Each structure stands twice: as structure tokens, then as C-alpha cells.
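# model this:
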Amino acid sequence: MAAIFVSAATAAARRRIGVGGVVMCGGRCGSPASSASVVSASTPARYVFEVILDSWMFFMGLVMVLSNFDILVVLGRIGKELDLRPYVLLLEGEAQLPERIMRNICNELDKLIERGEMKQCKNLRRLLNKSVSFNGVKEFDRYEVPSLYLQEPKNCWSLPLVSLTSIAVALPNIPAHEANKLVSGVGEGLSLVKLVDGTLDRTGDMEHVKNAADAVWVGVELYRKWQDKDLQNTNMGDETYKETLQKLSNLGEKTVKDFTTRIEDIMMENPLNWPSKVIAANSMYRITQTILLDNKDNIHRTDKVLFEKLCVMISDILAACLTNLAHVIIFKCHNDATKDRQENVRRAAVLLGESREILELLQQHRLPSLDHEKAADIEEWRASMVHLQ
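Residues are numbered from 1 along each chain as shown. A predicted model of the protein is given here:
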């Protein structure tokens, strides 16, 4: 399969620049190579490696028309089947680069991928195994929940994840080791989720929302606290999970109302400008109210069953978010500064190795029909899923 894609990419490259077998490297994808970026067989090996990495970036840009997972099949076999020589610009009359140099370049890329494979997230993989669909993306926040303000802050991927994890940890009668496993899995996932949130947020509008998620997660991961409230002491004695949820909801509601009733700065009328603490509180209010609505008539659901349902919901959101990883890997290779771009290619290779098993797992899911830009936005996911109902 990989060989087919490589051939298609090579043919596309040749058609794009209108020459027989020579592809320019250096500069932006599809732009002419500068004189400083010309690769010669006599060029020092270290410099050749730098420039060929740029060629690899160019190849990655060319295959963006392929599906994300097929791209990764190609890149995952970069040192085995992919011949980079057609992507090297040679001066007239120059010989091809020696096979030894090409092999060393491919071996270096393989080593970067293998380095990433050594860092694969086992706890995250176990958590993702709970997901069989993306329904959690739609279910974590119901539109029937009354708003506390005229507008609602938008969600990034990480905010509902940390809110749901906080709620799961706070549930009564859940063994500590089960809560700890969940926190470990979400923690490993968030390191990748933040790449998606950070890389694909082109405008920076979501900065306060991402900061809210980061602040909450520090408390949950290190101290099992949500905004200074000890999550493992939210329930006392025979308290039910509904009472625990209502307490967390009341805390969130009070924080939001205390802030919104005193708004004087016109900038604060936009929820994306709210303090991180208030954005996190609004998320907690809406999600706890959603769970209470879902369980309004369910008097027999146990704490353990609800905990498992929340784990599945968390897994669904993680899975949906991480379908963007292939695009992030490619995007990280597109940087205007040549020096940064080459370093980003190396990081992308490590990330490919780190996320390989996760991406293979996600191939079992059926993806919604969203372009790259919309697929990076959890609100677009929710809108598309509601539309399909």
C-alpha cells in the first residue's frame, strides 16, 4: 500500500513543478529553491542532511491530498521504501547523491521515529480502548442546560476533558487506584491534546480557555483538587453521586454569577476574555448539570457505572481530538524559518513514533465529514454530530 502512495506522490510532484524527475527543496513547499538550498553530491554530509530534511517536509506537503492515516503509512516506512532522490535539486551534469548518504539520511529519520516509539503512552492506549464511537463529544454538554450568561465560552479539546476527569475523581465509592489510572491516562492524553489545541488554533482566540484547562489540570493531577476544593472529600458518609454532582455544579455556578453580575469592562462581555477560573467554573456547571439531566430518572445507576460512563465519554473526546494528530505532524513541518522548520521535522518524526499505536487504533473509528480546519474544532464536531441526529 505504501509503495502506491509513494508513486502517486512522486508523480504529483513532477506534474506540479513541470519537470521530469527533479524536485526543488528548501524554501516553502512548491517554491523555488534558493541557491543556498541546492544539494550537490559534493556538499558536506551534515549540510546535505539538513537540506534533505527540508525535502522530506516538501514531500509531506505534497501528500496532504491523501488521507491522514495513509500519510502516516508512508512516513512510517520512510527508510524502507521511500526514495528521496527524486526530491533533490541537482545542478546540470551533477551525479546523483551517493546511496550511502541517502541511506544515512533515511536511517536518521528512522531513529527519530524509533525514539518516539519508546515513549508511547500505555495508560492512554488503555483508556482509548474504551471508545467505540465519538458519542462523548456530543453528550458531555446538553443544549438544554440553562446558560448563566448571554453568551457561552467556546470549548477547546482539553477543557471538557479536565472537567470530566475532575467529576469522575470526585464520585463517591470509587477505588483510589481506579481514579489514579484515569488521571494517568488523561495526563498522557493531554500532552498530545495540547499539541492539537496549540498547533491548530491559528487565531489564538482560545488562549484563555486553554489556560483554564491547564490551571484546573495542575490541581487535579497533583493534588486531586478543583479550584482549591478537595475532590476526594466532596462526598461525606452516605452522600450520593447526585449530591456530589450538585455540589460541584453549585460551586461552578456561584463563581460564574459572582463574576458576571459585576462586569464593568466591555471586554469582559466576551466570554473568551473571562478569567481562566470563571471559564473553568462555567464548564464545571454545564457538564455537571448535563450529567444530572441524563440521570434524572435513573435511580438505580451505581457510582461505579457512572464512573465507567464518564471514562467512556472522556475516551471518546480524546479519540476525536487525536484524529487530528496526523495533520498536526504535517503542520509542524511547515514553518517559514528554515532553521525552525528543520527542527520541527525532527520533532514531527518523534511524534509520529510516539503516536503510531494510537493512530492505528483510531483507524477503527468512522470519522465525520469535516475538513482539516473544522476537524480541529470540538464545537464543529458537536455541531456536525447534532446535525446528523
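# Could you report the neighbour count for the nearest residue to residue 375 once chain neighbours are set aside?
Distance criterion Cβ to Cβ, 6 or more residues apart in numbering; nearest residue to residue 375, sequence neighbours excluded, is residue 324 at 5.9 Å. C-beta here means a position set from N, CA and C on the backbone, and glycine is covered the same way. For residue 324, the neighbour count with other Cβ atoms under 10 Å is 23.
# need the contact list for residue 324.
196, 200, 372, 375-376 (Cβ atoms under 8 Å, 6 or more residues apart in numbering).
# and if we set it to 10 Å?
68, 157, 192-193, 195-197, 199-200, 331, 372, 375-377 (Cβ atoms under 10 Å, 6 or more residues apart in numbering).
# Residue 333 contacts residue 327, doesn't it?
No: using Cβ atoms under 10 Å, residue 333 is not in contact with residue 327, being 11.1 Å away.
# which of the two has more neighbours?
The residue with more neighbours, out of residue 333 and residue 327, is residue 333; 23 against 19, by other Cβ under 10 Å.
# any idea how far the more buried one lies from residue 375?
Distance, residue 333 to residue 375, by Cβ to Cβ, to the nearest Å: 18 Å.
# where's the spatially most distant residue from the centre of the chain relative to residue 313, distance?
The C-alpha centroid of the chain is most remote from residue 93, which lies 45.9 Å away (Cα atoms, centre = their mean). Distance, residue 93 to residue 313, by Cβ to Cβ: 63 Å.
# could you point out where the stretch 51-200 of the chain is predicted with low confidence?
Across the stretch 51-200 of the chain, the ranges flagged by pLDDT under 70 are 51-89, 105.
# just to revisit the earlier point, need the buried ones from the contacts of residue 324 selected in PyMOL.
Selecting only the buried entries of the contacts of residue 324 in PyMOL, with 16 or more other Cβ atoms under 10 Å as the criterion:
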select buried, resi 68+157+192+193+195+196+197+199+200+331+375+376+377
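# could you redo the contacts of residue 324 as CSV and give each row distance to residue 108 and secondary structure?
Formatted as CSV, the contacts of residue 324 follow (distance: Cβ to Cβ, whole Å; DSSP: H, G, I helix; E, B strand; the rest coil):
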residue, distance to residue 108, secondary structure
68, 24, helix
157, 32, coil
192, 24, helix
193, 29, helix
195, 23, helix
196, 27, helix
197, 30, helix
199, 24, helix
200, 28, helix
331, 22, helix
372, 29, helix
375, 31, helix
376, 30, coil
377, 35, coil
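# Buried residues, the helix or strand encompassing residue 125. List them.
Per DSSP states H and E, residue 125 falls inside helix 122-128. Of all the residues in helix 122-128, those buried under the rule 16+ other Cβ under 10 Å are 123-124, 127-128.
# Now do the contacts for residue 112.
53, 78, 345-353.
# If we use 8 Å, what do you get?
For residue 112, the contacting residues are 346, 349-350, 353, by Cβ under 8 Å, 6+ apart.
# The nearest residue to it once chain neighbours are set aside - how many residues pack around it?
Spatially, and ignoring its direct neighbours in sequence, residue 112 is nearest to residue 349 (3.8 Å; Cβ to Cβ, 6+ apart). Look at residue 349: counted by other Cβ under 10 Å, it has 27 neighbours.
# I figured residue 349 hits residue 106, correct?
No: using Cβ atoms under 8 Å, residue 349 is not in contact with residue 106; the gap is 11.3 Å.
# do you know how far residue 296 is from residue 144?
Distance from residue 296 to residue 144, by Cβ to Cβ: 11 Å.
# mind listing the strands for the protein?
Assigned by DSSP state E, the chain shows strands spanning 225-226, 229-230.
# Check the ones you listed for me and report the most buried one.
Mean neighbour count, computed with mean count of other Cβ atoms under 10 Å, is highest for strand 225-226 among those, reaching a mean of 22.
# partners of that one, with directions?
Strand pairing for strand 225-226, determined by DSSP bridges: strand 229-230 (antiparallel).
# residues in contact with the strand it pairs with?
223-224, 248, 251.
# Helices along the stretch 151-300 of the chain, start to end?
With helices called from DSSP state H, counting those that start in this stretch, the stretch 151-300 of the chain shows them at 158-170, 176-200, 207-223, 241-260, 276-294.
# Looking at these, which is nearest to residue 270?
For residue 270, the closest of the helices of the stretch 151-300 of the chain is helix 207-223, at 9.8 Å, according to Cβ to Cβ.
# I figured residue 356 hits residue 120, correct?
Yes: assessed by Cβ under 8 Å, residue 356 is found in contact with residue 120 at 7.2 Å.
# Would you enumerate the residues in contact with residue 316?
131, 133-137.
# so what are the domain limits for the chain?
Taking automatic domain parsing as the reference, the chain has its domains at 2-118, 122-323+365-387.
# Highest mean neighbour count across those, which stretch is it?
domain 122-323+365-387 comes out most buried of those by mean count of other Cβ under 10 Å, with a mean of 18.
# How far does that one sit from its chain's centre?
Distance of domain 122-323+365-387 from the chain centroid (Cα atoms, centre = their mean, to the nearest Å) equals 16 Å.
# returning to that earlier point: just put the contacts of strand 229-230 in a markdown table and tack on distance to residue 151.
As requested, the contacts of strand 229-230 are exported to a markdown table (distance: Cβ to Cβ, whole Å):
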| residue | distance to residue 151 |
| --- | --- |
| 223 | 32 |
| 224 | 32 |
| 248 | 23 |
| 251 | 21 |
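# Can you tell me which of these comes closest to residue 303?
Set against residue 303, the nearest of the contacts of strand 229-230 by Cβ to Cβ is residue 248 (14.4 Å).
# wait, residue 141 sits on residue 160?
Yes: look at residue 141 against residue 160 with Cβ under 8 Å: they come within range, at 7.0 Å.
# Which neighbours do those two have in common?
Joint contacts of residue 141 and residue 160 (Cβ under 8 Å, 6+ apart) are residue 287.
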